[in-house]
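**Q** any chance you can model this:
(2 chains)
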Amino acid sequence: MKVKVLCRNPDDYVRETTRDIQRVPRNYDPTIHPFEVSREYTRALNATKLERIFAKPFVASLDGHRDGINCLAKHAKTLSVVLSGACDGEVKIWNLSKRECMRTIQAHEGFVRGICSRFCGSSFFTVGDDKTVKQWNMEPPGRGLQEEPLNTILGKAVYTGIDHHQTEGTFATCGQTVDIWDEQRSSPIRSFSWGVDSFSCVRYNPVETELLASCASDRSIILYDMRESAPLKKIIMQLRSNTLCWNPMEAYNFTCSNEDYNLYTYDMRRLDVPVTVHMDHVSAVLDVDYSPTGKEFVSASFDKTIRIFPKNSGHSREVYHTKRMQHVICVKWSADNKYILSGSDEMNIRLWKANASEKLGLLTPREKAALNYNQKLRDKFQHHPQVRRIARHRHLPRDLFKQKRELREMKEARRRKAQNVRKHSKPGSVPLVTEKEKHVVSVVE
Amino acid sequence: MAAPGGEAQTTAHVGKRRKRPRRYWEQTSKKYNSGGKSSDGAKQKAKKRRGDRRKKRKGGLSGEVESEDPKLCEQTQETGKKDNSGEKSSDGPKQKAKRRRVDRRKKRKGNLTVKVVSEDTSKKDNDGEKSVDGTKDTADENATKRSDAKFISGKVDPFPGEAPIPEERLRKFQRGNKFVVPEEIRSKLKDTLAKSQEAADLAQTQAARYDLLLTEDAGFLEGDEGEDTCTISQDDIAEAVDITSGSKYFNLRLTQFGPYRLDYSRTGRHLLLAGRRGHVTCIEWQTKNLMCEMNVMETVKDIKWLHSEAMFAVAQKKWLYIYDSNGTELHCIKKFNDVLRMQFLPYHFLLATASATGFLQYLDVSVGKEVAAINTKLGRLDVMAQNPYNAVIHLGHPNGTVSLWSPNQKEPLVKMLCHRGGVRSLTVDRTGTYMVTSGLDRKLKVYDIRAFKPLNSYFLPAGASCLSLSQRGLLSASTGDIVQVYRDVWGSGPMTKPYMAHRVRGTVWGVGYCPFEDVLGVGHAEGFTSMIVPGAGEPNFDALDMNPYRSTKQRQEWEVKALLEKVQPELISLDPGLLGKVDKATFEQKHKERVETLGYDPLAVEKFKPRMRKRGRSAAGAVEKRKKKVAHEDQRDVIRKSVKERMEKEKEKKRKDSAKEQLGEKTALDRFKK
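**A** Reported below is the predicted structural model:
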């Protein structure tokens, strides 16, 4: 007779001392782990719920301005410094880590229309309603000295926006024309105009640094090449675009925020149809900024909310609002991809987390592992109705919610009407126009 | 230049043709034992020959490719000479082409010499394996992948690459079939699918590799020549094994309040005994430490541990009671009356009870609510088992049927006629594939409950009153006062005699295997017997699932985790993996609704619109021709598809017919067909 009976030595399974860690022998045999899928699903559901529980995106509010904030700019080199310009001509420089104002400059009379940092971060430019472009030193003046601009350019008309070149000492302003300036000269080196009266925004392409795009009040978006004397292309849309932002990772894509409550992402090479139409706002969209990864962007709207969109999705993944935040005029995504800054009418700059449920501060490796695991679970089960319902749920203020519903009804009615018209006309005489095609009137080369 | 000594060493090493050492898996698995020796079969020989030829070509090649590194140059030339002395002069055109190709590759890569040499050697090493089977391909790949690692001493890794994993072990960790990506799918989705497939493959191989690290082996019992294992007595076994294991065979003489039913806790450390005349006791059976003992002064029908060893449920004369491990009564649940049998579903935290009034009730023990109460309308329910794979409850009935229940449905999921005469006992194995039933017709039947088909049927002269399956698939069946243990119940051939047998003092009332131990507990009229059944228990437990050696802290941690991932009762169905599958029906329904609201089909294939072409090729006739061509192609596709479907249908029909013929004429089960 040969016999062997299971007999385990407890020493192999129990820790030796209480200071030791517990022994955890594993066996991955699927038969001793039944209900794999349902248990994982339950975990995913829990992870989704936890994510919503921890979604507290508001970090801080920076107050100190005495009028609505009109423009924001990031420091080109330092993460913690942010510049803001208000409607009373005041410019403030903020330290984000201390959440306090470092410097206040009375820069202009009337609005500060645009503000931008020089690529090296040593100085910054402001344009205002007083028809001047001013260059300021980033360093505060010595004790007892007055704030004086390094340089002041007097222009003929009001400037409404400014942006600096990525690597060279040139900048662009917009107003009645789009002007390209050399920092050393007091007159523009080039002026572009294409039968337009005024522009609202001009932006350099961060990758193809000689390219520019601007939004004009005649509902057009115009593209320029700095090396050429004439503009490149023009798209005319149904309604006016307020601002635009280039994708920092895909040189040919840009997104513009439009008065018709939508945002449009265009491919520069094919302007006749937008790549994506981003809907969700219920009022005019005022500003847009891309995340440094180029995967998402944030938009600020007149409906008192900011929304975060994935670059290729038609709807937002996140909406931020507070009771006190009024019309959001400007918004910026921080260069470390972690925070969002919004400046609004009621004189406050707000700091938000880009990822609402993210835990700030250092994470232990176990925490990190758990977070990654939960993230993966959420991804895996994201299409299950229960998980999706919880993950998508956002609270909206009542009037916003109502407005949204109203808009939906209007849209549905229009669609139904078009469908009926199509049904009762000669086949083919009323073509289907997709949502993307609706908004572009024409493209001019 | 290298030192002369070193050079000599390298040449000597390369020149000598070493015998390939044997690998560990060659000894363990038959598949790999062919080694480099003469393996039979013409096919394999042909394969080998081919391999040799390839090697030769490679050798000849390496002999003249390199020129940069003198040391390596010498080395490879040596190999070349050794491998094929006569080959060098006669280069076929094929070889030339190949050489050209390699040259080109060399230009691209830079240091080809190393590459060629190591490839060559790895080929040589794998040559022995060439004649083996499917895994060799992966081994080859691995070899070439890793072969860049070259030691300074010039030695070459005799086992390049990762060790291959036997097919069957890989299959054990296979989850579902591999997903075949359709051709017409979008590229982005394709990438995602490919990535997830890759991750799944990695997980599978890693899990399969981990099997090597499992520490314990299962027990076994083998008789001497001519000796039946069923004649070996428990005393002999207890004497033959070590003291700790020997002490697992013991008897408790409890003559006063019997017969006894029993239940082991999920960790296998604790034992509950319940005598029909009210004696309830809770023992840490390995240390023989009595946790509580009491008499409830009522008839006790059944007893069950709840999720941990802190609580247990007792079905008493009228109501269901819950006690803690000290014997304190926690609850008396009057909603559950006349309970005869209970089952605890550990991952759902559900206590399923079957009552004399024909009710099947589910109690959620984590929140204390009744989840479902089903009136089965099938009379007294005193035969009950759970399917550990999908948490479906099996009930046996006096009319010979077995019905399967989930809490979500008022009707049985399945009803199958298993016996002529009542069902006495049933049990389901832990993979959820097999069900074993015994009936008043004195038969023991094995069913495949995935296909709902009978597999084996045995006649036991006295019939079996209690059945139980161990973790590793040993079946214990009790007839009167004898407990028999069977092995390979659903194996290929019919079993002829039991693996083990043991006579206890009184009529057997309940049997149960202890998890993770080679122990079978038998409750009978005269008390309780714990007998040793080598090979019954799972040798390697997973501590995150169930740990017999867990400390209090670990138990608390486990309890919280288990409660957090409590599976909802709505998810109980015949297929527990249903949640991970694509819900095609709902998708189709949704698509239909979408088409209705939109007024057109967004997923429809666009009608072919001929492009405008110049130079007369867009004349009406030409356009028509082009249109027709496309239409024909489409039609052909449709025809091809329909023909294929028809062929498949016919094949299926033929297969079914032949199966029917084999089975013979109508069976009694046919009346349950729809």
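
**Q** hey, let's count contacts and neighbours off CA atoms from now on
**A** Will do.

**Q** so for chain B, the centremost residue is which one?
**A** Centroid-nearest residue in chain B, with Cα atoms, centre = their mean: residue B:172, separated by 4.8 Å.

**Q** what's that one sitting at in phi/psi?
**A** For residue B:172, the backbone dihedrals (degrees, to the nearest 10) come out as phi -60, psi -30.

**Q** distance of it relative to residue B:474?
**A** As for residue B:172, its distance to residue B:474 is 20 Å (criterion: Cα to Cα, to the nearest Å).

**Q** what's the answer for residue B:352, then?
**A** Distance from residue B:352 to residue B:474, by Cα to Cα: 25 Å.

**Q** who has more neighbours, these two?
**A** Between residue B:352 and residue B:474, counted using other Cα atoms under 10 Å in any protein chain shown, the more crowded position is residue B:352 (25 against 22).

**Q** isn't the more buried one up against residue B:343?
**A** Yes: between residue B:352 and residue B:343 there is a contact at 5.1 Å, judged by Cα atoms under 8 Å.

**Q** does residue B:563 belong to a helix, a strand or coil?
**A** Three-state call for residue B:563 (DSSP: H, G, I helix; E, B strand; the rest coil): helix.

**Q** which one is it nearest to, not counting chain neighbours?
**A** Leaving aside its chain neighbours, residue B:563 sits nearest to residue B:366 (7.6 Å; criterion: Cα to Cα, 6 or more residues apart in numbering or on different chains).

**Q** didn't the one you found look like it was pressed against residue B:349?
**A** Yes: contact criterion Cα under 8 Å: residue B:366 and residue B:349 qualify, at 6.2 Å.

**Q** contact partners for residue B:265?
**A** B:271-272, B:305, B:308-309 (Cα atoms under 8 Å, 6 or more residues apart in numbering or on different chains).

**Q** looking at those, which has the most residues close by?
**A** Greatest neighbour count in those, by other Cα under 10 Å, goes to residue B:305: 28 neighbours.

**Q** bridge partners for the residue nearest to the spatial centre of chain A, pull those for me.
**A** Residue closest to the mean C-alpha point of chain A, counted by Cα atoms, centre = their mean, is residue A:298 at 2.2 Å. Beta bridges link residue A:298 to residue A:289, residue A:308, judged by DSSP bridges.

**Q** and it, how far from residue A:250?
**A** Distance, residue A:298 to residue A:250, using Cα to Cα: 17 Å.

**Q** can you check residue A:58 too?
**A** Applying Cα to Cα, the value for residue A:58 to residue A:250 is 30 Å.

**Q** same deal with residue B:468?
**A** Counting by Cα to Cα, the gap from residue B:468 to residue A:250 is 65 Å.

**Q** hey, where'd the strands end up in the stretch 151-300 of chain B?
**A** Remark: strands assigned in the stretch 151-300 of chain B by DSSP state E, counting those that start in this stretch are B:220-222, B:250-253, B:260-264, B:270-275, B:279-284, B:289-295, B:300-305.

**Q** just give the strands next to the longest one in its sheet, each with its orientation.
**A** Just to be clear, that refers to strand B:289-295. Applying DSSP bridges, strand B:289-295 is found paired with strand B:279-284 (antiparallel).

**Q** what lies in contact with the strand it pairs with?
**A** B:257-258, B:269-274, B:289-297, B:300, B:325.

**Q** same thing but at 10 Å, please
**A** B:254, B:256-265, B:268-275, B:289-300, B:303, B:309, B:312, B:314, B:324-327 (Cα atoms under 10 Å, 6 or more residues apart in numbering or on different chains).

**Q** tell me, which helix in the chain spans the most residues?
**A** I'll assume chain A. In chain A, taking DSSP state H as the definition, the longest helix is helix A:398-423.

**Q** my bad, the chain I had in mind was chain B
**A** The residue-count maximum for a helix in chain B (DSSP H) belongs to helix B:620-663.

**Q** now find how far off-centre it is within its chain.
**A** Taking Cα atoms, centre = their mean, to the nearest Å, one finds helix B:620-663 lying 37 Å from the centre of the chain it belongs to.

**Q** ok so, going back, okay, the contacts of residue B:265 in a markdown table with distance to residue A:429 and pLDDT next?
**A** Output for the contacts of residue B:265, formatted as a markdown table (distance: Cα to Cα, whole Å; pLDDT from 0 to 100):
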| residue | distance to residue A:429 | pLDDT |
| --- | --- | --- |
| B:271 | 81 | 96 |
| B:272 | 81 | 95 |
| B:305 | 74 | 96 |
| B:308 | 72 | 92 |
| B:309 | 76 | 91 |
